[in-house]
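S.K.: Just need the structure, nothing else, for what follows:
(one chain, ligands or ions: 1)
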Amino acid sequence: MRGESRYAYLGPEGTFTEAALRLLPEAAGSVYAPFPTVGSALDAVRTGDCVGAVVPLENSVRGVVPATLDELVSGGVPLRLDAEIEVPVTFALMARPGTELADVRRVLSHPHAHGQCHHWLASRLPGAEVRLAASTAAAAREVAESPSPGARYDAAIAAPVAAARYGLSVLASGIGERWDAVTRFVSVRGAGPWPVRTGRDRTSIVVTADGAHSGALVDILAEFSTRGVGLTWIQSWPTGAALGSYHFFLDLDGHVEEAAVGDALMALRRRSVEVCFLGSYPYVGTTRPATGDPLVPDPPGTTPEAWLHSLREGAPAPGP
Ligand SMILES: O=C(O)C(=O)Cc1ccccc1
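M.R.: Model prediction:
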């Protein structure tokens, strides 16, 4: 089936991305079309094969999903974001029925899942070799399809639903380093009306700046702060042209229809900054919009002056 009713996602069935897509009201009633990579899911939108796609953007523990940032700035036909979805992520180690934990030598998973479970692997399966797959469900499917004995992979780290989907047994669950890990997904479309302003919105843009001009980023950020527009997210992604040349992904509080947001965007244009508007959409996240909360007071003995002095004296820098 072609056209309006297909919605792409990073598949196969059983990924966290599929769980996010199922939470998206705009996609209800569509055919959910799995794609093997973020790039192929977004290409399906660019070619019109699908009306939209859901892809992972960032995780609260492991940070951004590089493939998504890369595709959003390099894929040719511009895309727009029209919704965000947050999904709690928990991980299970799963294997073909009959496999014991002690039998597991080779584990397959997605980089973000591995990154959140490597402490558990180091303590419970210290000798295991880990390989990376395009998604957690692709890993689970590969394990299910690996013939044993002599299987290429003994176990996968994936969402608990993937075990039932691919006929695997769960050897351990809740193996991520944080029980409260969350992944933020975005719905990406090729065309159509922008989401209307709700009063609680987020605007995503990409500005391209040359780090050789050392004040460039400060100048860009000042256009927002002077107008009271809060920033909730900033990520840099190399343009590839040179060291120091970046695309900056920015998330702003507010909708493009709001005067302050519009003014700030026009100010960037007047500065001849390259701005790619990704979209304004309802804010669902757990990141609080800026409220002007008072600063948290310093604990006794750690005034900013004392802290700066200790840095200059060569004190070891405390972790974040
Ligand atoms: O592989 C998946 O299931 C995905 O949807 C990507 C992903 C992987 C790990 C954490 C969050 C999202």
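S.K.: Stretch 19-39 close to the ligand?
M.R.: No - using C-beta under 6 Å from any ligand atom, stretch 19-39 stays clear of the ligand, coming no nearer than 7.4 Å. Using the backbone N, CA and C atoms, a C-beta is placed for each residue, glycine as well.
S.K.: In this protein, where's the longest helix?
M.R.: Using DSSP state H, we find that the single longest helix of the chain is helix 111-124.
S.K.: quick one: it near the ligand?
M.R.: Yes - counting by C-beta under 6 Å from any ligand atom, contacts between helix 111-124 and the ligand involve 112-113.
S.K.: Can you list the neighbours in contact with whichever strand or helix holds Tyr32?
M.R.: With secondary structure defined by DSSP states H and E, Tyr32 is part of strand 31-35. The contact list for strand 31-35, computed with C-beta atoms under 8 Å, 6 or more residues apart in numbering, reads 1, 5-13, 15, 18, 21-22, 41, 44, 49-50, 53.
S.K.: pLDDT score for the spatially closest residue to Pro160 that is not a sequence neighbour?
M.R.: Leaving aside its chain neighbours, Pro160 sits nearest to Ala92 (4.8 Å; criterion: C-beta to C-beta, 6 or more residues apart in numbering). In this model, Ala92 is scored at 98, pLDDT.
S.K.: Ok, Leu308 next?
M.R.: For Leu308, pLDDT reads 77.
S.K.: and the residue lying closest to Gly115 once chain neighbours are set aside, what does it touch?
M.R.: Once flanking residues are discounted, Gly115 sits nearest to Arg62: 4.3 Å by C-beta to C-beta, 6+ apart. Arg62 makes contact with 111-112, 115-116, according to C-beta under 8 Å, 6+ apart.
S.K.: Pick out the most distant pair among the residues you listed.
M.R.: Pro111 and Gln116 (9.8 Å; C-beta to C-beta).
S.K.: What lies in contact with stretch 10-28?
M.R.: Residues outside stretch 10-28 that contact it (C-beta under 8 Å, 6+ apart): 7, 9, 32-38, 41, 52, 54-56, 82-83, 85, 87, 89, 134-138, 140-141, 158-159, 161-162, 165-166, 183, 185, 187.
S.K.: From those residues, list the buried ones, please.
M.R.: 7, 9, 32-35, 37-38, 41, 52, 54-56, 82-83, 85, 87, 89, 134-138, 140-141, 158-159, 161-162, 165-166, 183, 185, 187 (16 or more other C-beta atoms under 10 Å).
S.K.: hang on, Gly176 is in a helix, isn't it?
M.R.: No - counting by DSSP: H, G, I helix; E, B strand; the rest coil, Gly176 is not found in a helix; it is coil.
S.K.: Can you give the distance from stretch 116-126 to the centre of its chain?
M.R.: 23 Å (C-alpha atoms, centre = their mean, to the nearest Å).
S.K.: That stretch: which residues count as buried?
M.R.: Buried residues in stretch 116-126 (16+ other C-beta under 10 Å): 116-118, 120-121, 125.
S.K.: Also stretch 260-272?
M.R.: 261-262, 264-265, 267-268.
S.K.: could these go into CSV alongside pLDDT and secondary structure?
M.R.: Shown next, in CSV, are the buried residues of stretch 260-272 (pLDDT from 0 to 100; DSSP: H, G, I helix; E, B strand; the rest coil):
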residue, pLDDT, secondary structure
Val261, 95, helix
Gly262, 95, helix
Ala264, 95, helix
Leu265, 95, helix
Ala267, 93, helix
Leu268, 92, helix
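S.K.: In helices, which of the contacts of stretch 10-28 appear?
M.R.: With helices defined by DSSP H, the entries of the contacts of stretch 10-28 inside them are 38, 41, 136-138, 140-141, 161-162, 165-166.
S.K.: now, among the residues you listed, which is nearest to Thr232?
M.R.: Val38 (22.2 Å).
S.K.: hmm, back to that, and of the contacts of Arg62, the nearest to the ligand?
M.R.: Of all those, His112 has the smallest distance to the ligand: 3.6 Å, by C-beta to the nearest ligand atom.
S.K.: Can you check the pLDDT for the closest one?
M.R.: On the pLDDT scale, His112 gets 95.
S.K.: residues in contact with it?
M.R.: Counting by C-beta under 8 Å, 6+ apart, the residues that His112 touches are 56, 59, 62, 65, 183.
S.K.: what's the farthest-apart pair in those residues?
M.R.: Largest pairwise distance in the contacts of His112, by C-beta to C-beta, is 10.4 Å, between Pro56 and Arg62.
S.K.: Near Thr232, how many other residues are there?
M.R.: If you count neighbours by other C-beta atoms under 10 Å, Thr232 ends up with 16.
S.K.: any low-confidence regions in the stretch 101-250 of the chain?
M.R.: 148-150, 211-213 (pLDDT under 70).
S.K.: one more time with 90, if that's ok
M.R.: For the stretch 101-250 of the chain, residues meeting the criterion pLDDT under 90 lie at 146-152, 190-194, 209-217, 241-245.
S.K.: near the ligand, which residues of it?
M.R.: So far as C-beta under 6 Å from any ligand atom goes, the stretch 101-250 of the chain lies against the ligand at 110, 112-113, 135-137, 159, 183.
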